[in-house]
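Engineer: I'll drop the sequence and a predicted model, then ask my questions.
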There are 2 protein chains.
Amino acid sequence: MAAAERRRRRKEERPGEILEAAFEEFARSGFAATKLDDVAARAGITKGTIYLYFPSKEDLFLATVREMNRPSQENLAALTAAPQGSAMAILRSHFAFVYAHMVEDRRAREILRMLMAEVSRFPDLADRWRAEVIGPAVEALRRVVRYGIARGEFRASAAEEFPHLLFAPVIMACTWRLMFGDDHALDGAAYLEGHLDLMARGLACLPEEARSAGE
Amino acid sequence: MAAAERRRRRKEERPGEILEAAFEEFARSGFAATKLDDVAARAGITKGTIYLYFPSKEDLFLATVREMNRPSQENLAALTAAPQGSAMAILRSHFAFVYAHMVEDRRAREILRMLMAEVSRFPDLADRWRAEVIGPAVEALRRVVRYGIARGEFRASAAEEFPHLLFAPVIMACTWRLMFGDDHALDGAAYLEGHLDLMARGLACLPEEARSAGE
DNA sequence: CCTTATTGACTGTCTGGTCAGTTATTAGTA
DNA sequence: TACTAATAACTGACCAGACAGTCAATAAGG
């Protein structure tokens, strides 16, 4: 019975194991240069077994990206909650979270790389990612900025139309690390603090404005 | 003689034509998925001819990236000139230039894509790019920030340690456009203005600081 | 008729995808 | 318990097509 259990469990765990191995190989070599024999070897099986669970290399790639995206989609929910307290405090905790889960986490960075590298081969991947992950994230940021303006805490600025500007240092840190490796990573607490500091100053009302607005 | 001239010119122009065609194909499909037959067809020749000028596919790729990088290296010179006038004015004209030559110019964006996608296959490419293009650019930015601080125009901020923070919106715009296509591009004058506005506020001394500093 | 740039047919290799066969396990039977 | 059949998971040898790289033949110029 224990053996039966183990055997049944294999079937349930195989797809996940294959996706895990595929992610590593795709991230390292890109779609075209990744060999399914290598994916199989990394998963401790043979190529034939992959085809028991995925109909083709393309499907395996799509499944890999979707699987790796799942966490960010779930995390997004927290962001859409009704804001309360200081807008800047919300932004602070938001970006602390984003740095931990996007800059520090290698997997998230590698997804960025894979998407960027393969958009021309898989055009709908980027569209989907924008619609399901990035678009809502931008909207959530925009709501925080508007909330801050309504509260008299922030001035009206381009950050309302382009929340991307606030998010940009995250992308910068991701890109930097993707290109130059962990050894030359420029992030860490100091970078995050610098980002928050510049953002706070950039968004804030000038003292006299704040006074006249009644904060 | 006119025909001889034409024939001799072919030999001089071939490498450039091949590099041009190779750039388009590599940018579209990445290194592994690019077929030399396609490169040749785009250049109006056959595959054999490519091998008269480049010893292998890898060398062709390296030559392509180097060729495409040349303009940015040359442009960099302007940045290292001794600064004068308002630091913010320098930053304004600098970023106007960078947007025109990095965000609007498709070729520069595609280089970013290619480097990011192929770093694992060509590790020294990224190192070289950092040493010759990015590193000096960061240094130049840092000098402008220091100049602004020395002038009493800017406060001391993380932008001195991480000029990347100032540059980040450019990378964001590049990445956005690379991933989602020209149709969804978020740049244009409004984005640049927003970037400059947030940056100006983020860097500037507060009015009372400025007053006491004596500007 | 020599030189030189170019061709295009050819080769060897590599890899996505297939499938007949092997192994491990369970169920049934006596 | 011993033997057999059925089944599910997996294997690994194989194929077909694609593609980097080669080179003898060709054509164009002088």
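Structural biologist: Received, thanks. Numbering: from 1, shown residues only, chains lettered A, B, ... in the order given.

Engineer: helix or strand next in line after the strand or helix carrying residue A:37, which one?
Structural biologist: Residue A:37 is part of helix A:36-43 when elements are defined by DSSP states H and E. Next helix or strand after helix A:36-43 toward the C-terminus (DSSP H and E): helix A:47-53.

Engineer: what average pLDDT does that next one get?
Structural biologist: For helix A:47-53, mean pLDDT is 96.

Engineer: give me the contacts around it.
Structural biologist: A:14, A:15, A:18, A:36, A:37, A:39, A:40, A:43, A:60 (C-beta atoms under 8 Å, 6 or more residues apart in numbering or on different chains). (C-beta placed from N, C-alpha, C; glycine too.)

Engineer: TSV for these, including distance to residue B:27 and pLDDT?
Structural biologist: Shown next, in TSV, are the contacts of helix A:47-53 (distance: C-beta to C-beta, whole Å; pLDDT from 0 to 100):
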residue	distance to residue B:27	pLDDT
A:14	37	90
A:15	34	93
A:18	31	96
A:36	26	98
A:37	29	97
A:39	27	98
A:40	31	97
A:43	32	95
A:60	25	97
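
Engineer: and which of these is nearest DNA strand C?
Structural biologist: Within the contacts of helix A:47-53, the smallest distance to DNA strand C is 3.6 Å, found for residue A:36 (C-beta to the nearest atom of the strand).

Engineer: what's the closest non-adjacent residue to the closest one?
Structural biologist: Distance criterion C-beta to C-beta, 6 or more residues apart in numbering or on different chains; nearest residue to residue A:36, sequence neighbours excluded, is residue A:47 at 5.1 Å.

Engineer: ok, which pair from the contacts of helix A:47-53 is furthest apart?
Structural biologist: A:15 and A:37 (18.4 Å; C-beta to C-beta).

Engineer: of those two, who's got more company?
Structural biologist: Legend: neighbour count by other C-beta atoms under 10 Å in any protein chain shown for residue A:15 and residue A:37, higher for residue A:15 (16 against 12).

Engineer: which element is the more buried one on?
Structural biologist: helix A:2-33.

Engineer: ok, the residue nearest to residue A:36 to DNA strand C distance?
Structural biologist: 5 Å (C-beta to the nearest atom of the strand, to the nearest Å).

Engineer: report the angle between the helix or strand where residue A:114 lies and helix B:106-118.
Structural biologist: According to DSSP H and E, residue A:114 maps onto helix A:106-118. Angle between the axes of helix A:106-118 and helix B:106-118 is 130 degrees (criterion: axes from the mean of the first three to the mean of the last three C-alpha atoms, to 10 degrees).

Engineer: give me the next element, helix or strand, following helix A:106-118.
Structural biologist: Downstream of helix A:106-118, the next assigned helix or strand under DSSP H and E is helix A:123-129.

Engineer: what comes up buried for that next one?
Structural biologist: A:125, A:126, A:128, A:129 (16 or more other C-beta atoms under 10 Å in any protein chain shown).

Engineer: now do stretch A:101-120
Structural biologist: A:102-103, A:108-119.

Engineer: before we move on, back to that, biggest separation within the buried residues of helix A:123-129, which pair?
Structural biologist: A:126 and A:128, at 7.3 Å, using C-beta to C-beta across these.

Engineer: quick one: least confident helix or strand in chain A?
Structural biologist: Lowest on mean pLDDT, DSSP states H and E among the helices and strands of chain A sits helix A:207-213, with a mean of 55.

Engineer: report the contact partners of residue A:18.
Structural biologist: A:39, A:43, A:45, A:49, A:50, A:53, A:54, A:60.

Engineer: just the buried ones from the residues you listed?
Structural biologist: A:39, A:43, A:45, A:50, A:53, A:54, A:60.

Engineer: quick one, what contacts the second one?
Structural biologist: If a contact means C-beta under 8 Å, 6+ apart, then residue A:43 has A:14, A:17, A:18, A:20, A:21, A:49, A:50 as its contacts.

Engineer: out of those, which is nearest to residue A:192?
Structural biologist: Distance to residue A:192, by C-beta to C-beta, is smallest for residue A:20 among those, at 29.2 Å.

Engineer: next, count neighbours for the closest one.
Structural biologist: 15.

Engineer: which non-adjacent residue is nearest it?
Structural biologist: Once flanking residues are discounted, residue A:20 sits nearest to residue A:43: 7.3 Å by C-beta to C-beta, 6+ apart.

Engineer: now that neighbour: how far from residue A:18?
Structural biologist: Here the criterion is C-beta to C-beta, to the nearest Å. By it, residue A:43 lies 5 Å from residue A:18.

Engineer: same question for residue A:98.
Structural biologist: For residue A:98, the distance to residue A:18 equals 29 Å [C-beta to C-beta].

Engineer: residue A:61: neighbour count?
Structural biologist: The tally of other residues near residue A:61 (other C-beta under 10 Å) stands at 22.

Engineer: scratch that, residue A:62 is what I was asking about
Structural biologist: 16.

Engineer: dump the buried residues of helix A:123-129 to CSV, plus pLDDT and distance to residue A:154.
Structural biologist: CSV is the format used below for these (pLDDT from 0 to 100; distance: C-beta to C-beta, whole Å):
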residue, pLDDT, distance to residue A:154
A:125, 91, 35
A:126, 91, 31
A:128, 91, 32
A:129, 90, 29
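
Engineer: quick check, nearest of those to residue A:87?
Structural biologist: Proximity of the buried residues of helix A:123-129 to residue A:87 (C-beta to C-beta) peaks at residue A:129, which lies at 27.2 Å.

Engineer: chain neighbours aside, what residue packs nearest to the closest one?
Structural biologist: Residue A:129's closest residue in space is residue A:115 (C-beta to C-beta, 6+ apart), at 6.1 Å.

Engineer: wait, isn't that neighbour in contact with residue A:127?
Structural biologist: No. In terms of C-beta atoms under 8 Å, residue A:115 does not count as a neighbour of residue A:127; the distance is 10.8 Å.

Engineer: in chain A, what residue lies closest to DNA strand D?
Structural biologist: Going by C-beta to the nearest atom of the strand, DNA strand D is nearest to residue A:48 of chain A, at 2.1 Å.

Engineer: what's the neighbour count on that residue?
Structural biologist: Number of residues near residue A:48 (other C-beta under 10 Å) recorded here: 9.

Engineer: surely residue A:90 forms part of a strand?
Structural biologist: No. Assessed with DSSP: H, G, I helix; E, B strand; the rest coil, residue A:90 is helix; it does not lie in a strand.

Engineer: residue A:62 versus that one, what's the distance?
Structural biologist: 35 Å.
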